[in-house]
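Undergrad: Kindly generate the corresponding structure for this input.
(one chain, ligands or ions: 1)
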Amino acid sequence: MIQRALISVSDKSGLVPFATRLAARGVEILSTGGTHRALSAAQIPVVAVEDYTGSPEVMDGRVKTLHPRVHGGILMRGDRDLAELEQLGGKPIDLVVCNLYPFEETLARAGVGHEEIIENIDIGGPSMLRSAAKNHARVVTVVDPGDYEEVLAEFERTGGVPQATRQRLAAKVFAHTAAYDGAIAGYLSSLVDDQGGEREAYPRHLTLAFERAYPLRYGENPHQSGAFYRERRAASGTLAQAESLGAGGKELSFNNLVDVDAALEAVRDIELPAAVVVKHTNPCGVAVSTDIESAYRAAREADALSAFGGIVALNREVDRATAVALAETFLECVVAPGYTADALEVLRSKKNLRVLATGAWLGGGHQALTWKRVGGGIVVQQRDATAAGEVRSGKVVTKRAPTEEELTALDLAWRVCKHVKSNAIVLASATATLGVGAGQMSRVESVRIACRKAGASARGSVMASDAFFPFADGVELAAEHGVAAIVQPGGSVKDAEVVAAADRAGIAMILTGVRHFRH
Ligand SMILES: NC(=O)c1ncn([C@@H]2O[C@H](COP(=O)(O)O)[C@@H](O)[C@H]2O)c1NC=O
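TA: Numbers count the residues shown, from 1 in each chain. This is a model prediction of the structure:
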């Protein structure tokens, strides 16, 4: 039975309708300063916490609910503790509704000072939440306004909230306070000095907080279980925030999620209307055009054999014509910023096709940091920023400089190469990839694969290599297949031999000075 509630919220969204319905059922509401004012203004009967405790809020609100009558009222276990609580002058509190000072939002604000950040560390709120969550056998704890409706519905139906719900809400509270404290620890341990000015990118303590989005049918293989976890504040435009619009026959699998992410990252690195077809995290066909339909058709035809069962990412809204083209082959997933209604109708006719809409990404949607699990830890790094501009600002090191068309093709090959597993080699024309050599243990082998895939179209094409050529053999092999221009970072002790091999074959070569390994 809920007879008394303590409400103390920074985020006051949904507060008034929620409290109105509690009060209508005779619940006595205790509240702190600002919350009390908001409820009183809405004519909701409310008792000030300071009247309940007999202690005024002090030190600009630093101490308002840190009182035995509050914590005794929350933590009391029922009849066995009632007399002790009454001796303190307290009463049982059955519902705690509290959300915290916006520490993470304050931290994220540009130009915010150290003092303001520290002042936004909530102390009383987490203490009440933790007391209530510990005592979930008796007390209901609500930290998320998104849970108001469910709690009210239960309460209005039965006068209480079932144990299973109380336990789930308590778990949510501890996850919330853990993440909140993690953010505080991250901030304090990132400070370069005690003035709170400069911050390091990699704090001494890193707490990562995720919530389960959904369980997966299985992991990478059917004998492995798996689940998809979402960041608490996943940016819009990310895979985690993408909306699923398919016919609904099949959920995204572990491998689908990884592949969709790879395809999205690749297509976002291209400004022209572009399509990327991915298999096993590697782009197998990428093309650009003046419109999205022809870009997709060219990307598919770049390696039609591999495109079967592929994952397709597009960087423009999908129209009906593009949807018809997509529906011509068996694909696992399609991801794009959005779809026209008639395009969706076509795609939904494919029962098992997963269709994802990310919304406009406008340069956003990327993660700032990326990490990977290794034995006993994680390695964390900045994401590899865009490859745009690197080709045109690179250094021509051969006798022949690339033509304008070769430069355009080199730029495309280079952007794609960044998204191919190392050792990565990409052959391309000005508008599409022709052959991709991915994930080989020797670079020359990747060249061999890319040239074989390109076949006769290798003649006159351009080639990108994600890292330097350790020997001249890769360039010599490309020359045998008629490759006309090459872009690579340079930096090998054998660069002179590599450049000489290019000159012998009349190949134009650009060194970018930037490596794009992908492991
Ligand atoms: N100091 C305290 O005892 C205390 N008790 C509750 N709070 C927080 O004060 C906020 C609500 O304040 P108000 O009702 O004045 O707007 C909530 O975010 C709550 O978590 C406190 N603030 C900080 O620690």
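Undergrad: Give me every residue in the stretch 101-250 of the chain lying close to the ligand.
TA: 101, 122, 123, 124, 125 (Cβ under 6 Å from any ligand atom). Bear in mind the C-beta positions are built from the backbone N, C-alpha and C, glycine included.
Undergrad: which one of those residues sits closest to residue 347?
TA: residue 101 (44.8 Å; Cβ to Cβ).
Undergrad: I'd say that closest one and residue 120 touch.
TA: Yes: look at residue 101 against residue 120 with Cβ atoms under 8 Å: they come within range, at 4.6 Å.
Undergrad: Give me the neighbour count for the residue of the stretch 351-500 of the chain found nearest the ligand.
TA: Nearest to the ligand in the stretch 351-500 of the chain, going by Cβ to the nearest ligand atom, is residue 368, at a distance of 27.3 Å. Close neighbours of residue 368, defined as other Cβ atoms under 10 Å, add up to 8.
Undergrad: ok, now residue 195?
TA: That count, for residue 195 with other Cβ under 10 Å as the rule, works out to 8.
Undergrad: distance of it from residue 115?
TA: 11 Å (Cβ to Cβ, to the nearest Å).
Undergrad: Which residue comes closest to residue 516 once chain neighbours are left out?
TA: Excluding the flanking residues, the one nearest residue 516 by Cβ to Cβ, 6 or more residues apart in numbering is residue 418, at 4.0 Å.
Undergrad: Contact partners for the one you found?
TA: 266, 269, 384, 387, 466, 516, 518 (Cβ atoms under 8 Å, 6 or more residues apart in numbering).
Undergrad: what does residue 470 give?
TA: 443, 492, 494.
Undergrad: Can you report phi and psi for it?
TA: Backbone geometry at residue 470, expressed as degrees, to the nearest 10, gives phi -70, psi -20.
Undergrad: Per-residue pLDDT of residue 247, please?
TA: Residue 247 is assigned a pLDDT of 85 by the prediction.
Undergrad: before we move on, what about residue 362?
TA: Model confidence at residue 362, given as pLDDT, is 58.
Undergrad: now do residue 351
TA: If you check residue 351, the pLDDT there is 88.
Undergrad: Report the secondary structure state of it.
TA: coil (DSSP: H, G, I helix; E, B strand; the rest coil).
Undergrad: right, and residue 432 touches residue 297 too?
TA: No: with contacts counted by Cβ under 8 Å, residue 432 stays clear of residue 297, the gap being 9.9 Å.
Undergrad: Now do the shared contacts for those two.
TA: With Cβ under 8 Å, 6+ apart as the test, residue 432 and residue 297 both reach residue 287.
Undergrad: Show me which of the two is the more surrounded one.
TA: Taking neighbours as other Cβ under 10 Å, residue 432 and residue 297 compare with residue 432 leading, 24 against 19.
Undergrad: Can you name the residues of the protein that neighbour the ligand?
TA: So far as Cβ under 6 Å from any ligand atom goes, the chain lies against the ligand at 8-10, 32-35, 61-66, 98-101, 122-125.
Undergrad: List buried residues within those.
TA: Buried members of the residues of the chain next to the ligand, scored by 16 or more other Cβ atoms under 10 Å, are 8-10, 32, 35, 64-65, 98-101, 122, 124-125.
Undergrad: So which other helices or strands are in contact with whichever strand or helix holds residue 433?
TA: Secondary structure from DSSP states H and E places residue 433 in strand 433-437. Packing partners of strand 433-437 (3 or more Cβ pairs under 8 Å, 6 or more residues apart in numbering; DSSP states H and E): strand 282-288, helix 292-302, helix 404-417, strand 425-428, helix 443-454.
Undergrad: For the ones you listed, could you give me CSV that also reports mean pLDDT and distance to residue 328?
TA: Below are these laid out as CSV (pLDDT from 0 to 100; distance: least, Cβ to Cβ, whole Å):
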stretch, mean pLDDT, distance to residue 328
strand 282-288, 98, 14
helix 292-302, 98, 8
helix 404-417, 98, 23
strand 425-428, 98, 24
helix 443-454, 98, 22
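Undergrad: which is the next helix or strand following the longest helix along the chain?
TA: Criterion DSSP state H: the longest helix present in the chain is helix 163-188. Following helix 163-188 in sequence order, the next helix or strand is strand 210-216 (DSSP H and E).
Undergrad: Output the contacting helices and strands for that following strand.
TA: Contacts defined by 3+ Cβ pairs under 8 Å, 6+ apart place strand 210-216 against strand 226-231.
Undergrad: Adding pLDDT and secondary structure, write the residues of the stretch 101-250 of the chain next to the ligand out as TSV.
TA: Output for these, formatted as TSV (pLDDT from 0 to 100; DSSP: H, G, I helix; E, B strand; the rest coil):
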residue	pLDDT	secondary structure
101	97	coil
122	97	coil
123	97	coil
124	97	helix
125	98	helix
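Undergrad: What is the nearest of the residues you listed to residue 47?
TA: For these, the residue nearest residue 47 by Cβ to Cβ is residue 124; the value is 17.0 Å.
Undergrad: list the contacts for the closest one?
TA: Here residue 124 is in contact with 8, 63, 64, 65, 66 (Cβ under 8 Å, 6+ apart).
Undergrad: For it, which non-adjacent residue is spatially closest?
TA: In space, and not counting its chain neighbours, residue 124 is closest to residue 65: 4.3 Å by Cβ to Cβ, 6+ apart.
Undergrad: hang on, that neighbour packs against residue 9?
TA: No: using Cβ under 8 Å, residue 65 makes no contact with residue 9, being 12.0 Å away.
Undergrad: Of the helices and strands packed on strand 433-437, which stretch is the most buried?
TA: strand 425-428 (a mean of 31; mean count of other Cβ atoms under 10 Å).
Undergrad: Contacts for that strand, please.
TA: So strand 425-428 is contacted by 286, 409-410, 412-414, 416-417, 420, 433-437, 443, 446-447, 449-451, 453-454, 457-458, 461-466, 474, 483 (Cβ under 8 Å, 6+ apart).
Undergrad: sorry, back to before: between all of the buried ones among the residues of the chain next to the ligand, which two are at the greatest distance?
TA: Of all pairs drawn from these, the greatest distance, 14.9 Å, lies between 64 and 99 (Cβ to Cβ).
Undergrad: Let me know the distance separating residue 67 from residue 320.
TA: 65 Å.
Undergrad: Apologies, that question was intended for residue 102.
TA: 44 Å.
Undergrad: Please apply the same query to residue 194.
TA: Distance from residue 194 to residue 320, by Cβ to Cβ: 61 Å.
Undergrad: In terms of neighbours, single out the busier of the two.
TA: Comparing residue 194 with residue 320 by other Cβ under 10 Å, the one with more neighbours is residue 320, at 17 against 8.
Undergrad: Neighbours of residue 163, how many?
TA: Residue 163, neighbours per other Cβ under 10 Å, totals 11.
Undergrad: Per-residue pLDDT of the residue nearest to it when sequence neighbours are not counted, please?
TA: Excluding its sequence neighbours, the residue lying closest to residue 163 (Cβ to Cβ, 6+ apart) is residue 137, at 7.4 Å. Predicted confidence (pLDDT) for residue 137: 98.
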